[in-house]
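Asks: What shape does this take:
(one chain, ligands or ions: 2)
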Amino acid sequence: MDPSAVGGLASRLMKGDRRALSRAITLVEDEPRAAALLMRRVRRARGGAFILGVTGPPGTGKSTLVDKLVKKYREGGSKVGVVAVDPTSPITGGALLGDRVRMADLTLDDGVFIRSMASRGWSGGLSRAAARVIQLMNAAGYELIIIETVGIGQSDIEVVGVAHAVLVVLMPGIGDDVQVSKAGLMEVGDVYVVNKSDLEGADVMIVDLLSMTRGLGSRSPSVLKVSALKGEGIDGLVRVIDALRDRLRKGDRAMQLRSTKGMIMELARAAETERFLRMAEPRAESLTEKVLSGELSVEEAADRLLR
Ligand SMILES: Nc1nc2c(ncn2[C@@H]2O[C@H](COP(=O)(O)OP(=O)(O)OP(=O)(O)O)[C@@H](O)[C@H]2O)c(=O)[nH]1
Ligand SMILES: [Mg+2]
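Replies: Numbering: from 1, shown residues only. Ligands and ions are numbered 1, 2, ... in the order given. Here you go, the predicted structure:
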């Protein structure tokens, strides 16, 4: 995109123009230079969005649940943005978008904006792109922004570091608590949901979770049972999310800090990685020669690359 067109795009976006938002997100994904310019233009836009991260093991029903939540919040009149980050399968974009029938009524709704981001060649830049998309949605006036990501390991979970609060979606029979804590999920949740409560084993899982969350000290996340498929327990979940949203509205410092610091860290980390690659690439080859000729060990070569 022509740099001179970026300003116009930014102002249309800040007026809530959907097509401008869509174009801006594409820019973030495909044109890093123009995106950096754009992000500077929307910098002073102060949307007051509540950013909710939704994560959990694959297939626990995150997208189905998000779909239900979006509908509830639309009934309440909030403009809702959804960023579905899909680090594992770049093809389908996850159930949220794959299931066209289910989403059809939502995509026709002007107050909902859904965007999926596949991993492609992001190499660490995915979190930055997600952070930017959230800023853009915020600037465009979306009041609730949901970011869905599969939480298998630390790097996936980092994506929700930009959220004000995090909802962890589990289901019966995904294995013991070990799997949940190993993925780092016990550290991030403000709300734990056992979805698919229509299946056997939900109550056992609730008991397990309650005992795990009791060990978390001052942090006391909520634990809820829902069935996204049957629409059971969704109102209760909405109440819990509303309470979190209220805390932000009243100026909860910890929430503000968490999300803003998360944004800054993701943006800086991506920039730092880029800078390192630019700096290291030309020197890596001669250092490699030195390792191959026996002059340096790989450890020594890596140390020198950092200097
Ligand atoms: N029985 C039952 N099935 C459900 C429920 N919620 C979702 N499912 C099913 O579980 C499967 C996975 O649902 P998704 O919403 O795609 O799960 P996800 O967590 O978004 O999946 P990934 O994004 O791929 O990790 C689908 O077949 C859903 O229909 C539920 O409450 N009960
Ligand atoms: Mg999904």
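
Asks: Assumed Ala284 was part of a strand.
Replies: No - using DSSP: H, G, I helix; E, B strand; the rest coil, the assignment for Ala284 is helix, not a strand.

Asks: Now do the contacts for it.
Replies: By CB atoms under 8 Å, 6 or more residues apart in numbering, the contact list for Ala284 reads Leu305. Quick note: C-beta positions are derived from backbone N, CA and C, even for glycine.

Asks: what about it, distance to Val298?
Replies: 11 Å (CB to CB, to the nearest Å).

Asks: Would you map the helices across the stretch 151-300 of the chain?
Replies: For the stretch 151-300 of the chain, the helices defined by DSSP state H, counting those that start in this stretch cover 154-158, 177-182, 185-188, 202-214, 234-249, 253-292, 298-306.

Asks: So which of the ones you listed is nearest Gly53?
Replies: helix 185-188 (7.6 Å; CB to CB).

Asks: What about Lys250, how many residues nearby?
Replies: Residues within reach of Lys250, counting by other CB atoms under 10 Å, total 8.

Asks: just Val133 next, same as before
Replies: 24.

Asks: Okay, it and Met39: tell me how far apart.
Replies: Taken as CB to CB, the span from Val133 to Met39 is 11 Å.

Asks: Quickly list what's touching both of those two.
Replies: Val28.

Asks: can you tell me which of the helices of the stretch 151-300 of the chain the model trusts least?
Replies: The weakest mean pLDDT among the helices of the stretch 151-300 of the chain belongs to helix 177-182, with a mean of 63.

Asks: Give me the mean pLDDT for the helix or strand containing Val6.
Replies: Using DSSP states H and E, Val6 falls within helix 3-14. Taken as a whole, helix 3-14 has a mean pLDDT of 91.

Asks: likewise stretch 69-81?
Replies: Across stretch 69-81, the average pLDDT comes to 94.
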